[in-house]
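Novice: build me a model from this:
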Amino acid sequence: MPTLGNIIRRLRDDIGWTQAKLGEKLGVAESTISLYESDKREPDVATIKRLADIFYVSTDYLLGQSENKPLFVRENLPPEALDRIEEFTEFMRIKYCNKK
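Specialist: As a prediction, the model looks like this:
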């Protein structure tokens, strides 16, 4: 059974991101991503949810509890398309999730 670190690494590699790029998206240091991927440190619940959002997978998939394919296959998209998806996702979060 793959570990959380193995799954994070595979998903990151599938979209061609460096550990630094994923760290930037999560707001953590590259070294933190390295620790996650080597299973020397586990992300907290909020970070796991954020990783699932970034990779468009369920938290169950990310945690190895489901073998269902990711919700959205991103590895076939160029890096600039992935950046635009991330920008739009953030825009929608701000627009719809921060309303009082």
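Novice: find the residue at the geometric middle of the protein.
Specialist: Leu51 (3.2 Å; C-alpha atoms, centre = their mean).
Novice: show me the shaky parts of this structure.
Specialist: 68-76, 98-100 (pLDDT under 70).
Novice: dihedrals phi and psi, Leu62?
Specialist: Dihedral pair for Leu62: phi -60, psi -40, per degrees, to the nearest 10.
Novice: any idea how far Ile94 is from the closest residue to the residue nearest to the centre of the chain other than its chain neighbours?
Specialist: Spatially, and ignoring its direct neighbours in sequence, Leu51 is nearest to Leu62 (5.9 Å; C-beta to C-beta, 6 or more residues apart in numbering). All C-beta spots, glycine's among them, are computed from the backbone N, C-alpha and C. Using C-beta to C-beta, to the nearest Å, Leu62 is found at 24 Å from Ile94.
Novice: compare these two (neighbour count), which wins?
Specialist: The neighbour comparison of Leu62 against Ile94 (other C-beta atoms under 10 Å) goes to Leu62, with 21 against 10.
Novice: contacting residues for that one?
Specialist: Leu4, Ile7, Ile8, Leu11, Ile48, Leu51, Ala52, Phe55 (C-beta atoms under 8 Å, 6 or more residues apart in numbering).
Novice: return the distance of it relative to Leu77.
Specialist: Taking C-beta to C-beta, one finds Leu62 at 19 Å from Leu77.
Novice: could you do Arg10 as well?
Specialist: In terms of C-beta to C-beta, Arg10 sits 16 Å off from Leu77.
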